[in-house]
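Q: could you work out the structure for the sequence below:
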Amino acid sequence: MIRITHSISIDESELQEDFIRASGPGGQNVHKVESAVQLRFNVLHSPNLPDAVRARLIALAGARLAGNGDLIIFAQKFRSQERNRADARERLFALIREAARPPPPPRRPTRPTLASKKRRLEGKKQRGSVKAGRGKPTLE
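A: The predicted structure follows:
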């Protein structure tokens, strides 16, 4: 079991890792070593995620969530397979930790005070008079 938060742990068997060749520059090494990691975690069928965390994780995943419920994380930042594997896992765990945080309290709407309304209107009048003074002079 991999401990993510004090209340959430994930079984190692729930993670599926596929190793593929990384794209981009890298010389001769990049064409023969499968150093990129594609980490898959099924959000919909994981028994260890509470329903509230699962819902927030689906919302946070966005385009990384496949149609069958797999959360796919692709890591190819490093040259070694082990570092990419650790990077992918840490990104998954960070995403789950973010989903496990309680949502912020709802905002209570407030109204501007009468004094702030008056200050705003006074400033607008003053600015308007400055701009009005910039016009062409009238012949009287």
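Q: quick one: contacts for the residue nearest the centre of the chain?
A: For the chain, residue 60 is the residue whose C-alpha lies nearest the centre (Cα atoms, centre = their mean; 6.0 Å). Going by Cβ atoms under 8 Å, 6 or more residues apart in numbering, residue 60 touches 95, 98-99. C-beta here means a position set from N, CA and C on the backbone, and glycine is covered the same way.
Q: one more time with 10 Å, if that's ok
A: 71, 95-96, 98-99 (Cβ atoms under 10 Å, 6 or more residues apart in numbering).
Q: farthest pair within the residues you listed?
A: 71 and 98 (12.5 Å; Cβ to Cβ).
Q: find residues that contact each of those two.
A: Joint contacts of residue 71 and residue 98 (Cβ under 10 Å, 6+ apart) are 57, 60.
Q: of these two, who's got more company?
A: Using other Cβ atoms under 10 Å, the more surrounded residue of residue 71 and residue 98 is residue 71, with 22 against 12.
Q: what separation do you get for that one and residue 57?
A: 7 Å (Cβ to Cβ, to the nearest Å).
Q: which residues are in contact with each of the two?
A: With Cβ under 10 Å, 6+ apart as the test, residue 71 and residue 57 both reach 41, 43, 46, 65, 92, 95-96.
Q: need the helices for this structure, in chain order.
A: 51-61, 81-100, 114-132 (DSSP state H).
Q: as a markdown table, the shared contacts of residue 71 and residue 57 with pLDDT, distance to residue 138 and neighbour count would be great.
A: Shown next, in a markdown table, are the shared contacts of residue 71 and residue 57 (pLDDT from 0 to 100; distance: Cβ to Cβ, whole Å; neighbours: other Cβ atoms under 10 Å):
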| residue | pLDDT | distance to residue 138 | neighbour count |
| --- | --- | --- | --- |
| 41 | 83 | 74 | 23 |
| 43 | 76 | 71 | 21 |
| 46 | 77 | 76 | 18 |
| 65 | 77 | 66 | 17 |
| 92 | 85 | 71 | 23 |
| 95 | 86 | 66 | 20 |
| 96 | 83 | 70 | 25 |
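Q: could I get the residues you listed as CSV with distance to residue 109?
A: Shown next, in CSV, are the shared contacts of residue 71 and residue 57 (distance: Cβ to Cβ, whole Å):
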residue, distance to residue 109
41, 38
43, 34
46, 37
65, 33
92, 37
95, 31
96, 32
